[in-house]
Every structure is written in structure tokens, then in C-alpha cells.
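1. Structure for the following, please:
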Amino acid sequence: MRIKPTMKYFLALFFVLCFLFLPKYQAIANPDIDSYEIKIPFVVGESVTASYNGQQYTIGEVVALPTKTRWPSYTASAWGVPGEICASAVNAIHMLVSVEKDKGRTMSIIPKETIAPAAGAGASIVLSTKAGYGIFGSWSPTVGSQVFIQKQGSSLKELLNIDNLPKSGDALVIYVQNLQLPYMAEIENHPGGRVTIWDKDGYNVIGRVIKPVGGTGRFEGTLFQRTSALRANHSGVIDYSTSPYGKIGGFQIIPWEHAISSKEMQGAWDMTQWLIIGPKDGISKIGSTFPLFKQGLVTGPSNGETLWDVWSTYGKKSLFLVRINGGPWQKIFDITGKNDTALSAVTHLRLYFPFHREIQESPNKCQ
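-> Just a heads-up that it's a prediction; the model follows:
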């Protein structure tokens with residue numbers, strides 16, 4: 001049944017009354033020693049490197065440089081902060097350069113083996129790295145990571161912006177802070193269902209489900225991600241793969257303001273492939289907020305990739321589990337392509353945040 005525009009606003013108003021009485025969730029976002037840098041020389045043929053704790057890793061090579069930026073970029077890019085990563089995915093990374101007339105201007109990083117429509121022709125740094133690997137996998141930056149320009153011959157770094165774009169011989173430096181994150185988020189997949197964050201202090205309800213997910217769709221980037229893993233995160237979307245690497249299939253979680261106000265997302269009200277959630281107070285925008293839409297979720301290592309230790313290699317992944325008809329938690333079975341009812345029996349979802357050390361270890365003890 002098609003939801004009329006007036007119905008959308010009625011539903012949103014209804015959930016305001018529900019959200020007003022929810023407890024406040026106080027995020028803890030303290031950087032720790034697991035932070036690292038990614039350096040991309042603005043020189044074709046040069047190596048892309050990641051640096052952590054004094055060690056340097058080669059994670060690709062520059063194949064081509066952008067000749068321009070993209071404006072207007074996708075709608076939710078404008079919800080970010082200029083000089084930061086505004087989207088991180090297995091097939092593209094977008095950096096916000098500026099916000100002009102309420103629309104974002106972006107520069108992107110993409111693998112050479114695929115295209116990313118949101119990047120725009122000629123507005124991308126193209127790397128030799130395989131999609132889902134390197135900066136698109138194990139070393140993926142979180143949304144909100146800062147991007148700096150290091151001018152040729154200088155050690156100083158200045159934040160990326162419309163007046164400070166990289167030139168030949170310069171370098172892009174992405175600073176990734178691995179923050180103290182919650183353990184997981186649980187979503188009750190029905191209208192009015194709770195969105196709950198679990199952390200070391202217990203749990204807090206931060207929102208409600210406005211529209212549940214019921215099916216899967218052909219989100220092209222899922223071609224480069226495994227089943228039950230994050231395909232992409234940006235200021236207005238959480239995109240998960242339900243298909244194995246090499247096949248297409250997945251679903252998305254979006255904030256209510258994206259579903260209400262963004263022209264390209266109006267179909268989310270009628271189609272089953274999108275789960276729409278609202279904020280804790282029923283009034284605020286939740287796009288580009290910690291921990292679901294900023295500084296939390298990453299694509300993580302693909303098969304065969306390793307990081308600096310076993311805990312980071314194992315834990316730096318944003319995976320999800322489901323309950324079918326209220327049963328036990330389980331990994332989703334492989335689902336490919338568009339299937340409007342494939343997830344109709346899913347009653348609960350659990351989204352796991354990445355971690356970088358054994359959970360009981362204190363940051364001060366980690367070496």
C-alpha cells in the first residue's frame with residue numbers, strides 16, 4: 001500500500017509522543033592509542049600508506065587524480081563537516097570539501113576496478129586497491145575522520161576545504177580515531193520497536209522504528225562485501241550486505257529526516273528494503289550523529305586481511321545478526337538480488353560495533 005505524503009508526517013508526529021519519554025544516551029567518544037593515519041600522495045604511481053604505532057603499511061598505489069570536485073553531491077553529504085570523511089564504503093570514500101547553498105561538495109577515493117556513481121566523473125582519487133580491501137576494508141576510516149592536506153616540501157598539515165585543495169606533489173592525510181564505542185545496537189523490527197544501545201554501563205533506548213525492513217534490494221556496492229557485514233556508512237545511511245562477496249543483495253537503515261526530506265529517498269516509504277528509525281526525542285535529526293551515523297561503523301577486513309594484532313583483525317568489523325520469528329540470534333542466510341519479503345520474518349536485528357582490543361582490557365594496558 002502506498003503511503004501518502006500526509007501519512008508520512010502523521011506517522012512522524014505520532015512517534016514524537018513516544019520518543020519524548022525515552023532516557024538520554026550519553027555517548028563516550030574518547031580517542032585511544034589505536035588511532036592511525038592514512039597517507040595518499042597526490043602523485044600517480046606513488047604508494048598509499050597506513051601508519052600505526054610507528055609501523056608503516058603499504059595499502060595501495062595512486063592510479064589517477066581528480067580534475068575537479070563534485071557539486072552538488074548526494075543529499076546527506078551536506079550533513080557532515082567540511083574537512084571530514086562523510087561516507088565510508090567498500091567501493092568508495094567521500095570527503096566533504098564544503099557546503100554551498102545547503103548542498104555538499106565532495107572529493108572521493110575509489111578503487112580502479114569499479115565505479116561509484118556518487119563520486120562523480122573526474123572527482124575521484126583512483127587507487128589500485130581492490131574494492132573491499134585496504135582503505136576500503138581493513139584500514140577503512142570512520143565517517144567523521146578528519147582529512148588534512150600536507151603541502152609538498154612541508155611537514156605542516158592543514159584541514160581540507162574549498163580554499164585548501166590538494167595539488168600535484170601534495171598529500172592527503174586521513175586521521176582515523178578508533179573511539180570508545182558501545183558494544184552493539186539492538187533494533188526491534190516492527191513499527192514502534194525500540195532502538196537500544198548497549199555499552200559497558202548497560203543499555204539505553206535511543207529511538208524507535210518508524211518503518212521496519214522486510215526485503216532485500218540490489219544495492220550495487222554489496223558486490224564487494226560478504227554476508228552480514230557493513231557495506232557502507234554515511235551521514236544518512238547504514239547499508240548491510242546479505243549476499244556473499246561477488247554477488248549483490250542487501251538492505252539499508254536510514255534516519256527519518258532522510259526519508260521525509262530527501263527527494264531520492266521517497267521510495268523508502270513504499271519499498272521493503274529500507275528500515276526507517278527516529279531519534280530519542282522525536283524532534284531531532286539523527287543523521288550524522290554518533291554512533292550509528294558517525295564515528296562508529298566501518299566495513300572492516302575482508303578475507304585474508306590482517307591488521308596490527310589479532311584483536312583488531314578479528315574485531316574491526318561491523319557485523320549484524322538477526323532473530324527469525326523471535327528465535328535465537330543467528331547470522332543471516334545468503335540472500336541475493338531484490339526480494340521484497342526475504343526479511344519479513346526478521347523480528348530483531350543486532351548491530352555490532354567494531355573493537356580493537358580484548359574487551360576486558362583497559363586502554364591504558366593495551367600495548
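2. Excluding residues flanking it in the chain, which one is nearest Phe320?
-> Taking Cβ to Cβ, 6 or more residues apart in numbering as the measure, Phe320 lies nearest to Leu351, with 5.1 Å between them; neighbours along the chain are not counted. For the C-beta atoms, the positions are set from N, CA and C on the backbone; glycine is no exception.
3. I'd guessed that neighbour sits against Asp239; true?
-> No - the pair formed by Leu351 and Asp239 falls short of the contact definition of Cβ atoms under 8 Å, at 11.9 Å.
4. just checking, what packs against the helix or strand hosting Ile40?
-> Here Ile40, judged by DSSP states H and E, is contained in strand 36-41. Helices and strands touching strand 36-41, as assessed by 3 or more Cβ pairs under 8 Å, 6 or more residues apart in numbering; DSSP states H and E, comprise strand 47-52, strand 55-64, strand 171-176.
5. so which of these is the most packed in?
-> Per-stretch averages of neighbours, counted by mean count of other Cβ atoms under 10 Å, single out strand 171-176 among the helices and strands packed on strand 36-41, with a mean of 21.
6. Just checking: what are the partner strands of that strand?
-> Strand pairing for strand 171-176, using DSSP bridges, gives strand 36-41 (antiparallel), strand 146-150 (antiparallel).
7. Would you map the helices across the stretch 151-300 of the chain?
-> 256-261 (DSSP state H, counting those that start in this stretch).
8. Could you list the domains of this protein?
-> Per the record's domain assignment (automatic domain parsing), the chain is made up of the domains 5-28+181-352, 36-176.
9. What mean pLDDT does the last one get?
-> Looking at domain 36-176 alone, the average pLDDT works out to 96.
10. returning to what we had before: out of the strands paired with strand 171-176, nearest to Gly326?
-> strand 36-41 (40.7 Å; Cβ to Cβ).
11. hey, C-alpha coordinates of that closest one in CSV?
-> In CSV, the C-alpha atoms belonging to strand 36-41 read as follows (Å, rounded to 0.1, in the frame of the first residue of the first chain):
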residue,chain,number,x,y,z
TYR,A,36,46.2,5.7,12.8
GLU,A,37,46.9,7.8,9.7
ILE,A,38,46.4,7.1,6.0
LYS,A,39,48.6,9.0,3.6
ILE,A,40,47.7,9.3,-0.1
PRO,A,41,50.3,11.2,-2.2
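12. what bridges to the closest residue to Leu127 other than its chain neighbours?
-> Nearest in space to Leu127, with sequence neighbours left out and distances taken as Cβ to Cβ, 6+ apart, is Gly60 at 4.4 Å. Following DSSP bridges, Gly60 is listed with bridge partners Val48.
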